[in-house]
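Q: predicted coordinates and the sequence they were generated for:
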Amino acid sequence: MTKPKHGGDIYTFAKRLGISPDDVIDFSSNINRYHPKIHCDFNRLDVSRYADPNYTDLKKILAQKYGVEMSQIALFNGASSAIAALVPRFEEVAIYAPAYGEYRRFAKHVTLINRFEDLEKLPPENALVVFVNPATPDGKFYDLEALFTIWEARNNTVLIDESFLEFTAFASATAYLRRYKKLYILKSLTKFYACAGVRVGVVLSHEEIISEIEKDAPMWTLSTYDVAYISQALQDETFGETARAKLSEEKRLLHEVLEKSPYVEKIYPSDANFFLVKLRGIDAEVLQQKCDKEAILIRNCENFDFLDRFHVRFAVREREDVMKLARVLHGA
């Protein structure tokens with residue numbers, strides 16, 4: 001099983017350029033560049049004892065945040081671990097693509113639905129359908145009402161991946177939990193809370209489904225450090241609004257830079273903290289070579305289904321970094 005390529009590999013990039021990873025300007029990773037306030041002395045954490053295997057305190061915080069019961073929450077060592085645990089349970093998987101590559105990696109039999117061109121295509125009956133919302137790598141948020149009508153009629157189990165939802169002001173699909181029994185909602189806390197090294201993935205579903213999932217789970221999925229960090233992050237009440245406001249300004253600047261570039265043919269509409277771009281007169285590999293001189297890493301998106309070597313993704317970054325990108329994109 002081949003691992004899909006992923007953004008954020010600053011280590012390989014830095015080694016190729018002969019520089020420190022700290023000197024890389026990483027436009028490839030869609031992690032929030034702002035951080036919540038953490039009031040915890042990690043040196044004083046007692047890691048000599050086992051963590052609570054039920055993660056009661058963290059689940060209380062998450063239940064309040066997402067408006068669900070604690071019994072409707074399962075925790076994983078990151079969203080990728082949740083995908084690896086959930087997707088192989090199903091013989092048939094329909095993925096609305098392009099999408100995060102781990103879904104296809106762990107699926108047994110895959111039907112791909114091109115959401116750019118064929119959104120209303122019927123998935124196989126009784127299959128698991130996967131929809132990332134907001135989508136990756138383009139960042140668009142979709143109203144799912146019409147699709148849920150299709151999925152219900154096809155008796156599909158539904159997995160909605162909301163890893164980027166908190167970058168937006170849109171509502172979660174948790175409202176559909178009251179209406180539809182065969183629904184999983186996946187949330188990665190890595191993206192918005194700027195903690196790629198803290199591995200916490202959350203699955204919301206009905207109590208009986210969560211109980212079934214947890215039967216196959218290891219006793220401990222999160223470390224004491226994971227729990228301490230994310231519990232603190234979730235309780236920073238001003239972080240979300242503040243981060244979204246700052247990102248909105250920086251996103252506008254990035255859009256202006258991309259729009260003025262002779263290399264950019266199309267900027268896909270995005271509700272998240274990144275833009276998917278279709279290039280003209282240059283492909284992703286050549287553009288990356290041009291970016292090397294500024295130690296800028298971009299995300300080549302040709303390994304996404306229905307995209308090609310002319311598609312790249314740029315994450316929102318600070319003004320200074322965007323100005324360095326502008327020098328490359330404007331042909332300097």
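A: All right, it came through fine.

Q: report the contact partners of the most centrally placed residue in the chain.
A: The chain has residue 163 as the residue nearest its centroid, 4.1 Å off, counting by Cα atoms, centre = their mean. Residue 163 makes contact with 79, 100, 132, 136, 186-188, 190-191 under the criterion Cβ atoms under 8 Å, 6 or more residues apart in numbering. In this view, the C-beta of every residue, glycine as well, is placed from N, C-alpha and C.

Q: those residues into CSV, with extra columns for distance to residue 239, secondary structure and neighbour count?
A: Converted to CSV, those look like this (distance: Cβ to Cβ, whole Å; DSSP: H, G, I helix; E, B strand; the rest coil; neighbours: other Cβ atoms under 10 Å):
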residue, distance to residue 239, secondary structure, neighbour count
79, 20, helix, 24
100, 24, coil, 23
132, 23, strand, 25
136, 22, coil, 24
186, 21, strand, 22
187, 16, strand, 27
188, 16, strand, 25
190, 15, helix, 22
191, 13, helix, 23
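
Q: and the least confident of these?
A: Across the contacts of residue 163, the smallest pLDDT goes to residue 190, namely 86.

Q: measure that residue to residue 82 for me?
A: 12 Å (Cβ to Cβ, to the nearest Å).

Q: what touches both of those two?
A: residue 201.

Q: how many neighbours does the nearest residue to residue 78 once chain neighbours are set aside have?
A: Excluding the flanking residues, the one nearest residue 78 by Cβ to Cβ, 6 or more residues apart in numbering is residue 199, at 3.8 Å. The number of residues packed near residue 199 is 21, by other Cβ atoms under 10 Å.

Q: helices of the stretch 101-250 of the chain, start to end?
A: Counting by DSSP state H, counting those that start in this stretch, the stretch 101-250 of the chain has helices at residues 101-106, 145-153, 189-192, 207-215, 224-234, 239-259.

Q: any chance of a markdown table for these, columns distance to residue 284?
A: Putting those into a markdown table (distance: least, Cβ to Cβ, whole Å) gives the following:
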| stretch | distance to residue 284 |
| --- | --- |
| helix 101-106 | 16 |
| helix 145-153 | 30 |
| helix 189-192 | 22 |
| helix 207-215 | 38 |
| helix 224-234 | 33 |
| helix 239-259 | 14 |
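
Q: please identify the most buried of these.
A: The highest mean neighbour count among the helices of the stretch 101-250 of the chain, using mean count of other Cβ atoms under 10 Å, belongs to helix 189-192: a mean of 24.

Q: who are the packing partners of that one?
A: Helix 189-192 is packed against strand 201-204, helix 224-234, with contacts defined by 3 or more Cβ pairs under 8 Å, 6 or more residues apart in numbering; DSSP states H and E.
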